[in-house]
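Q: Predicted model and sequence below, questions to follow.
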Amino acid sequence: MSRQALNAVRSYLNDQVIGQPDLVDGLLTALLADGHILVEGPPGLAKTRAVKLLANCIEGRFHRIQFTPDLLPADLTGTDIYRPQDGSFVFQPGPLFHHLLLADEINRAPAKVQSALLEAMAEQQITIGRKSYQLPELFLVMATQNPIEQEGTYPLPEAQLDRFMLHLEIGYPDAMTELAILRLNHSENTQPRTPEPPALTQQQLFACRQEVLAVKLAPAIENYIVSVVMATRRPLGYDAELARWLSYGASPRATMALARCARVRAWLQGREFVTPDDVQACAYPILRHRLILSMEAEADGVDANKVIQRLLQKVVVP
């Protein structure tokens, strides 16, 4: 029943967020794998709509934060409020205490704000003074970056990028998809009643996570995952061109994320075991933000996607 409920959510999101199946699958993958997601793409591609509709489906509290240079850590975490009537301080929770958080244009906030978000993502708690507060068990951060405007931004350090399980790149839809979006927008304006979102309780979601963990990962697939990650660190043993392009490889978090997301992909497709195809499909969103490319790669016009493609061609598939 849990799988059926989640598939209903997936179909609903694809109907309501037209032309962004990778975004929908990425959100569900992060949700099932208990990770966070970084989305990079131009504005106006329904990123906010997608995560807001997802929150409606899973009984989750949703909050959107527009990151700006004048944002303070307390604007995320909350702060202690003084109560003059009894002379005490009471903690007022901030937006981080919601289940789904959209951090819009995260690279526009200064380092102190980014580090406050980092603690929440890494430890699932926040600290005010000497006291720590636990965040909800269901906690997903979807952060966005605009690849067009980079002036006045604070690029995320590698340590924080590594905390994001997935990095999705989304682009503009084609003409037919744009026409479908236009018609959907018109129907929503003329017929305000939108379809009722399917209900997926948090208990069902946690049951889905347990089913995902039960998906079989054969020793050969485990070795393949490790080989793919090791190839990012020691590329010379696989290909001289890769060694020219790569300065630093992926961390052990990439290994764990690959295993977990490959299980999710297999489970979403109704399988009880992981295949090499699952690992290869998950390699792009998991590795593209964790690889540091060399100046030679930049000079050759090579991006992270091309490096990953070459990597998967060179590592032996079981």
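A: Looks like it arrived, so ask away.
Q: now the helices for the stretch 1-150 of the chain?
A: 2-16, 21-33, 47-57, 74-77, 111-123 (DSSP state H, counting those that start in this stretch).
Q: and Gly270, which of those is closest to it?
A: Proximity to Gly270, assessed across the helices of the stretch 1-150 of the chain by Cβ to Cβ, is greatest for helix 2-16 (7.9 Å). Yep, even glycine has a C-beta here, placed from its N, CA and C like the rest.
Q: Return the set of buried residues in that closest one.
A: Across helix 2-16, burial judged by 16 or more other Cβ atoms under 10 Å covers Ser2, Ala5, Leu6, Val9, Arg10, Tyr12, Leu13, Asn14, Gln16.
Q: Please tell me how far it is from the chain's geometric centre.
A: Taking Cα atoms, centre = their mean, to the nearest Å, one finds the center of helix 2-16 at 18 Å from the center of the full chain.
Q: The nearest residue to Glu178 once chain neighbours are set aside: what's it in contact with?
A: The shortest distance from Glu178 to any non-neighbouring residue, by Cβ to Cβ, 6 or more residues apart in numbering, is to Gly19 (7.6 Å). Contacts of Gly19 were listed using Cβ atoms under 8 Å, 6 or more residues apart in numbering, and they are Pro173, Asp174, Thr177, Glu178, Ala180, Ile181.
Q: Please narrow those to those residing in helices.
A: Thr177, Glu178, Ala180, Ile181 (DSSP state H).
Q: which two in the residues you listed are spaced the farthest apart?
A: Farthest pair in the ones in helices among the contacts of Gly19 (Cβ to Cβ) is Glu178 and Ala180. Separation: 7.3 Å.
Q: How much space separates Pro73 from Phe67?
A: Separation of Pro73 from Phe67 (Cβ to Cβ, to the nearest Å): 12 Å.
Q: higher neighbour count, the two?
A: Legend: neighbour count by other Cβ atoms under 10 Å for Pro73 and Phe67, higher for Phe67 (23 against 20).
Q: How about the contacts made by that one?
A: Per Cβ under 8 Å, 6+ apart, neighbours of Phe67: Ala103, Asp104, Glu105, Ile106, Asn107, Arg108, Ala109, Val113.
Q: quick check, nearest of those residues to Ile81?
A: Nearest to Ile81 among the contacts of Phe67 is Val113, at 20.1 Å by Cβ to Cβ.
Q: Can you name every helix or strand that the worst-scoring helix or strand of the chain on mean pLDDT contacts?
A: Of all regular secondary-structure elements in the chain, judged by mean pLDDT, DSSP states H and E, the least confident is helix 158-161 with a mean of 80. Other helices and strands packing on helix 158-161, by 3 or more Cβ pairs under 8 Å, 6 or more residues apart in numbering; DSSP states H and E, are helix 111-123.
Q: Pull the residues that contact the helix it packs on.
A: For helix 111-123, using Cβ under 8 Å, 6+ apart, the contacting residues are 36, 67, 71-73, 75-77, 96, 103, 106, 125-127, 135, 139, 141, 143, 154, 156-157, 159-160, 163-164.
Q: Buried subset of the residues you listed as a PyMOL selection?
A: Remark: buried members of the contacts of helix 111-123, expressed as a PyMOL selection using 16+ other Cβ under 10 Å:
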select buried, resi 36+67+71+73+75+76+77+96+103+106+126+135+139+141+143+156+160+163+164
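Q: from the contacts of helix 111-123, which ones fall inside strands?
A: Helix and strand membership here follows DSSP state E; of these, those in strands are Ala103, Gln125, Ile126, Thr127, Val141, Ala143.
Q: Quick check: the farthest pair among these?
A: Thr127 and Ala143 (20.6 Å).
Q: Next, the contact list for the residue lying closest to Ile58 once chain neighbours are set aside, please.
A: Across the structure, with Cβ to Cβ, 6+ apart as the measure, the residue nearest Ile58 apart from its sequence neighbours is Leu200 (4.9 Å). With contact taken as Cβ under 8 Å, 6+ apart, Leu200 is in contact with Ala5, Leu6, Ala8, Val9, Cys57, Ile58, Glu59.
Q: redo that, cut-off 7 Å
A: Remark: with contacts taken as Cβ atoms under 7 Å, 6 or more residues apart in numbering, Leu200 is in contact with Ala5, Leu6, Val9, Cys57, Ile58.
Q: is it true that the last one touches Gln203?
A: Same thing as Ile58. No - under the criterion of Cβ atoms under 7 Å, Ile58 makes no contact with Gln203, lying 10.7 Å away.
Q: what about the two, which has more around it?
A: Taking other Cβ under 10 Å, Ile58 and Gln203 do not tie; Ile58 has more neighbours (23 against 10).
Q: Look up the closest residue to His99, ignoring the ones flanking it.
A: Counting by Cβ to Cβ, 6+ apart, the residue nearest His99 is Gly60, at 3.5 Å.
Q: how far out from the middle of the chain is stretch 64-77?
A: Distance, stretch centre to chain centre, for stretch 64-77: 19 Å (Cα atoms, centre = their mean).
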